[in-house]
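> coords below, sequence missing:
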DNA sequence: CCAATTTCGAACTATTTGGTTGTATAATAG
DNA sequence: CTATTATACAACCAAATAGTTCGAAATTGG
């Protein structure tokens, strides 16, 4: 599958485009948007300065590509963590666990590009993108809760929309705590407890909602 | 009460020190730490460049003072919101409502300096400070839950520690959503629902915790 | 081997930024 | 009124930064 297309005409690139973008992700993730200089990107991506401008554009353009690639990858993994297990409890726990694990991964900065750094970027397009991504995540969770109703794991009056946004808020909280240095072990425990919390009403009570 | 001390010797300052720091707060809040230049501070604080260095020090020193003042003020108000009401539900709701209101205040940037901008500052002292602040908030909530047990509003096996951190996580989530533009009205509704959630186990079930 | 094409790498320019210095100004102390 | 003290303001300097230019290098096509 590799090299399936005719080589382009001139001098071959010394770097891999998607690989360079992944490295750029790490740079933005660890330094924040405003904290990153072009030289940081040049060094971190292993791409010469003129090539960087010619191929990727300026800092904002690079960040937008990074953001979209990151969201796609992370979104897919989160969806997998959420939708793979059969049981509802395992689904929610898997989702939150994934949030914690990716926010405390060794080798990357703590936290999450989408939650911890992108919101600070003062840019309308970024803001819209984040809103969409957040809405997408909540929608996915809501759908999973509905399936839980169908399978009888939670009662039919379970407040699916409210619980979905609450799971996203709890995930945000866990991620933020990862960023300020809370250890993975603690957060994994808290993720379990959070799962218990949001599923709590499946026995009886759901009160005024 | 004003002018109760002898005037100092030389030319009087053309600005108010604490007032200037409050303006600096707004600057950091709206632009993030790395996004702020000295010129931003000079303009925003209304203090000349040399005076700024002489009296406040460099950007990091200013930020540390801003951070501490902000945390003190905000912490006091949050504690008030939490401890003023007699009923437990009103306490928790008051706490979350305050988080939402201050994160969606007109005239300030959305979000919260402590939650949205300070964690990105790559500085050990800031990090320690944030951990302490977070722990303090959770401790306050935990104490309030304990009082709720004493008053009989929640059962004696209520998982106070878990619920306390969950409230902080939910507050973080609400605050982050404020930052990306979720309207106050939505967040206030969600704050009420979050309150319902964390108090849900007071009737019956608390499961494996 | 030579021409065409594309990228690489070093150097360059203009602008922004952090931090300082020097002089004028506004107050008090005697 | 003069000396002293402390701040204000403008200008300045060095370093960092964004973005570009240009010749050398590496490849394909003939």
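Arrived safely, thanks for sending. These numbers come from a predicted model, not from an experiment. Numbers count the residues shown, from 1 in each chain, chains lettered A, B, ... in the order given.

> low-confidence stretches in chain A?
A:1-5, A:202-209 (pLDDT under 70).

> need the residues of chain A near DNA strand D, please.
A:6-7, A:9-12, A:37-39, A:49-50, A:53, A:58-59 (CB under 7 Å from any atom of the strand). (C-beta placed from N, C-alpha, C; glycine too.)

> buried ones among these?
Listed as buried from the residues of chain A next to DNA strand D are residue A:59; burial here means 16 or more other CB atoms under 10 Å in any protein chain shown.

> could the residues of chain A next to DNA strand D go into a markdown table alongside distance to residue A:200 and secondary structure?
Shown next, in a markdown table, are the residues of chain A next to DNA strand D (distance: CB to CB, whole Å; DSSP: H, G, I helix; E, B strand; the rest coil):
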| residue | distance to residue A:200 | secondary structure |
| --- | --- | --- |
| A:6 | 60 | coil |
| A:7 | 60 | coil |
| A:9 | 64 | coil |
| A:10 | 63 | coil |
| A:11 | 62 | coil |
| A:12 | 59 | coil |
| A:37 | 48 | coil |
| A:38 | 50 | helix |
| A:39 | 51 | helix |
| A:49 | 55 | helix |
| A:50 | 58 | helix |
| A:53 | 54 | helix |
| A:58 | 49 | coil |
| A:59 | 45 | helix |
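
> I'd like to know how many residues surround the closest residue in space to residue A:179 that isn't next to it in sequence.
Closest residue to residue A:179 apart from its sequence neighbours, by CB to CB, 6 or more residues apart in numbering or on different chains: residue A:111 at 3.3 Å. Counted with other CB atoms under 10 Å in any protein chain shown, the neighbours of residue A:111 add up to 22.

> residue A:111 touches residue A:178, doesn't it?
Yes. Counting by CB atoms under 8 Å, residue A:111 touches residue A:178, with 5.7 Å between them.

> looking at it, residue A:172 is touching residue B:168, isn't it?
No. Contact between residue A:172 and residue B:168 fails when scored by CB under 8 Å: they sit 11.3 Å apart.

> which of the two has more residues huddled nearby?
Taking other CB under 10 Å, residue A:172 and residue B:168 do not tie; residue A:172 has more neighbours (26 against 23).

> that one and residue B:122: what is the separation?
Remark: distance between residue A:172 and residue B:122 (CB to CB, to the nearest Å) = 21 Å.

> right, and the helix or strand after the lengthiest helix in chain A?
Ranked by residue count and defined by DSSP state H, the top helix of chain A is helix A:124-150. Following helix A:124-150 in sequence order, the next helix or strand is helix A:160-179 (DSSP states H and E).

> how about that following helix: buried residues?
For helix A:160-179, by 16+ other CB under 10 Å, it's A:160, A:162-179.

> and it with helix A:124-150, angle?
120 degrees (axes from the mean of the first three to the mean of the last three CA atoms, to 10 degrees).

> show me what helix A:160-179 is packed against.
With contacts taken as 3 or more CB pairs under 8 Å, 6 or more residues apart in numbering or on different chains; DSSP states H and E, helix A:160-179 sits against helix A:88-103, helix A:124-150, helix A:184-198, helix B:160-179, helix B:184-198.

> and among those, the most buried is which?
helix B:160-179 (a mean of 25; mean count of other CB atoms under 10 Å in any protein chain shown).

> ok so, going back, possible to save the residues of chain A next to DNA strand D as JSON lines with distance to residue A:70?
What follows is the residues of chain A next to DNA strand D, written out as JSON lines (distance: CB to CB, whole Å):
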{"residue": "A:6", "distance to residue A:70": "31"}
{"residue": "A:7", "distance to residue A:70": "30"}
{"residue": "A:9", "distance to residue A:70": "32"}
{"residue": "A:10", "distance to residue A:70": "31"}
{"residue": "A:11", "distance to residue A:70": "30"}
{"residue": "A:12", "distance to residue A:70": "27"}
{"residue": "A:37", "distance to residue A:70": "20"}
{"residue": "A:38", "distance to residue A:70": "20"}
{"residue": "A:39", "distance to residue A:70": "22"}
{"residue": "A:49", "distance to residue A:70": "23"}
{"residue": "A:50", "distance to residue A:70": "26"}
{"residue": "A:53", "distance to residue A:70": "22"}
{"residue": "A:58", "distance to residue A:70": "19"}
{"residue": "A:59", "distance to residue A:70": "16"}
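
> thought residue A:84 was touching residue A:97?
No. Counting by CB under 8 Å, residue A:84 stays clear of residue A:97, with 11.9 Å between them.

> nearest to the spatial middle of chain A, which residue is it?
residue A:74 (4.4 Å; CA atoms, centre = their mean).

> that one and residue A:102 touch, don't they?
Yes. Judged on CB under 8 Å, residue A:74 makes contact with residue A:102 at a distance of 6.9 Å.

> residues contacting the residue nearest to residue A:171 when sequence neighbours are not counted?
Spatial nearest neighbour of residue A:171, chain neighbours left out: residue A:99 (4.3 Å); criterion: CB to CB, 6+ apart. Neighbour list for residue A:99: A:78, A:112, A:171, A:174, A:175, A:191 [criterion: CB atoms under 8 Å, 6 or more residues apart in numbering or on different chains].

> at 6 Å what do you get?
A:171, A:174, A:175 (CB atoms under 6 Å, 6 or more residues apart in numbering or on different chains).

> take these and write them to TSV, including distance to DNA strand C.
Output for the contacts of residue A:99, formatted as TSV (distance: CB to the nearest atom of the strand, whole Å):
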residue	distance to DNA strand C
A:171	34
A:174	33
A:175	29
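
> tell me the one of those residues nearest residue A:150?
The nearest member of these to residue A:150, counting by CB to CB, is residue A:171 at 23.7 Å.

> what's the separation between the closest one and residue A:74?
Residue A:171 is 12 Å from residue A:74, by CB to CB.

> also residue A:136?
The value you get for residue A:136 to residue A:74, if CB to CB is used, is 11 Å.

> near DNA strand C, which residues of chain A? Just list them.
A:8-15, A:47-51, A:54-55.

> again, 6 Å this time
Within reach of DNA strand C by CB under 6 Å from any atom of the strand, chain A has these residues: A:8, A:9, A:10, A:11, A:13, A:14, A:15, A:48, A:49, A:50, A:51.

> many thanks, we can stop here.
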